[in-house]
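> when you get a sec, could you give me coordinates for this:
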Amino acid sequence: MIEIKLNDFKIAIDKIVTKIKKTQLEIFENANANVMDLYFYIGKIIYENSEYGNNFINEMSIELKLRFPNTKGYSPRNLRDMKKYYLSVKDNEQLKEYSYKIPWSHNTLIMHRVKDYNQKIWYIKETYNNGWSYDYLETQIKRDAYRRQILGDKPNNFKLTLLQPQSSLAKEIMKDPYIFDVGSLRENFVEKDIEQAMIDRIKMTLLELGNGFSFIANQYRVTVNDEENFIDLLFYHTKLHCYIAIELKNKKFIPEYAGKMNYYLSALDDMLKTELDNPSIGIILVRNKNKLNVEYALRDINKPIGVSSYELSEYLPPEILKELPTEEELNLHIDLENK
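Presented below is the predicted three-dimensional model:
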């Protein structure tokens, strides 16, 4: 019997696992789309019989439960939601198409809590791309994630220091303010306390930073001419294809922070960046900032830097904690030698 080579076996298993995961996703997406199509159709029938009011819905609920006793989803409330869903997407093919990508429960949450069309599309996309659970989606809506990421005040110099589409994507991934769940902190806490709390809850930190962030290290050592400095948090972004250095300040923004970040980015580009990587990006997180001060500080700096504020939350509900993906699912670590 020929001995199986370990590397050949690993390659074969990896291929099969990838195919199984892809097939599972396709099965789920097809099944989910079929359910959404059914609910769209039921909503249409209910709308066409609106003249009978709630009595029609109540009688339909009773009849469907009798016909399909082992199937859930035909309560009067859910049937009313189907009618509302039909009305919200019947004249908007794009919204209908995106809604088919996420579960019914997520759709109803967005339908009831989010009124603006662009925001609806955004929350659906984010839910699909990031695999948000119902509870986590609800938290993001409560925390107004759309406003923080799309409309937030995020002064930066990306247009001057990055080519398109890199500059637009870099701005898009930023939020203002960031909200980090760090647990209880002692009185008079300092930056290192916040940083350690973020590392202790790295899964939640990565979820708040957004899809694509891979954690490399905290207090990453940068040595120049035997002089040591330390970057608070270092990440690699899998969509931007670049290193991202984050400096955390428990104070108001001052211009000196931009100069120090410029120094770090120069060092990263010299020491870590390869020809396959885009220029490293810096994000300075502060408790508050004056936009004009930030713009002046960044105006003549030739490295891409953005500045955002952040807030601290001491509590994340257990139902969200149990839904958090594993470190592996979040692509927590990156192999620097094999990049």
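> for the closest residue in space to residue 99 that isn't next to it in sequence, what are its contacts?
On the basis of C-beta to C-beta, 6 or more residues apart in numbering, the spatially nearest residue to residue 99 that is not a chain neighbour turns out to be residue 107, at 5.2 Å. Every residue, glycine included, has its C-beta placed from N, CA and C. Contacts were defined as C-beta atoms under 8 Å, 6 or more residues apart in numbering; by that measure residue 107 touches 36, 85, 99, 124.
> farthest-apart pair in these, please.
Across these, no pair lies farther apart than 85 and 124, at 12.6 Å, counting by C-beta to C-beta.
> any idea how far residue 78 lies from residue 135?
Counting by C-beta to C-beta, to the nearest Å, the separation of residue 78 from residue 135 is 19 Å.
> now swap in residue 204 and tell me
Between residue 204 and residue 135 the distance, using C-beta to C-beta, works out to 13 Å.
> those two: who's more crowded?
Of the pair residue 204 and residue 135, residue 204 is the one with more neighbours under other C-beta atoms under 10 Å, namely 22 against 17.
> can you read off the pLDDT for the more buried one?
With respect to pLDDT, residue 204 scores 75.
> check which helices and strands the longest helix belonging to the chain is in contact with.
The residue-count maximum for a helix in the chain (DSSP state H) belongs to helix 6-48. Based on contacts counted as 3 or more C-beta pairs under 8 Å, 6 or more residues apart in numbering; DSSP states H and E, the elements that helix 6-48 packs against are helix 53-67, helix 76-89, helix 104-113.
> any idea which of those gets closest to residue 216?
Evaluated with C-beta to C-beta, the helices and strands packed on helix 6-48 place helix 104-113 nearest to residue 216, the distance being 31.9 Å.
> report the buried residues of the closest one.
The neighbour-count criterion (16 or more other C-beta atoms under 10 Å) identifies 104, 106, 107, 108, 109, 110, 111 as the buried residues of helix 104-113.
> stretch 192-201 now?
Applying 16+ other C-beta under 10 Å to stretch 192-201 flags 194, 195, 197, 198, 201 as buried.
> CA atoms only: put that stretch into CSV for me.
Written as CSV, here are the backbone C-alpha positions of stretch 192-201 (Å, rounded to 0.1, in the frame of the first residue of the first chain):
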residue,chain,number,x,y,z
LYS,A,192,-3.5,50.9,28.0
ASP,A,193,-6.5,49.8,30.0
ILE,A,194,-8.8,50.4,27.0
GLU,A,195,-6.3,48.7,24.7
GLN,A,196,-6.1,45.6,26.9
ALA,A,197,-9.8,45.4,27.2
MET,A,198,-10.1,45.5,23.4
ILE,A,199,-7.6,42.7,23.1
ASP,A,200,-9.4,40.7,25.8
ARG,A,201,-12.6,41.1,23.7
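> could you give the mean pLDDT of that stretch?
Average pLDDT, stretch 192-201: 78.
> residue 172 is in contact with residue 149, isn't it?
Yes - when contacts are counted by C-beta atoms under 8 Å, residue 172 is listed as touching residue 149 (7.4 Å).
> more neighbours: those two, which one.
Regarding residue 172 and residue 149, a neighbour count based on other C-beta under 10 Å identifies residue 149 as having more, with 20 against 16.
> so who does the more buried one touch?
Neighbouring residues of residue 149 by C-beta under 8 Å, 6+ apart: 172, 174, 175, 210.
> likewise residue 85?
Applying C-beta under 8 Å, 6+ apart as the definition, the contact partners of residue 85 turn out to be 39, 40, 43, 99, 107, 108, 111.
> tell me the spacing between the residue nearest to residue 313 when sequence neighbours are not counted and residue 202.
Of all residues beyond its chain neighbours, the one nearest residue 313 is residue 181 (4.8 Å), with distances taken as C-beta to C-beta, 6+ apart. Taking C-beta to C-beta as the measure, residue 181 falls 11 Å from residue 202.
> and residue 180, by the same measure?
When distances are taken as C-beta to C-beta, residue 180 and residue 202 turn out to be 11 Å apart.
> give me the more crowded residue out of the two.
Applying other C-beta under 10 Å to residue 180 and residue 202 shows that residue 180 carries more neighbours, namely 20 against 15.
> same for the host helix or strand of the more buried one, what does it pack against?
When secondary structure is defined using DSSP states H and E, the element that contains residue 180 is strand 178-181. Contacting strand 178-181 under the criterion 3+ C-beta pairs under 8 Å, 6+ apart are the following elements: helix 191-200, helix 202-209, strand 305-313.
> what's that strand in contact with?
Residues contacting strand 178-181 (C-beta under 8 Å, 6+ apart): 143, 148, 194, 197-198, 201, 204-205, 208-209, 285, 308-316.
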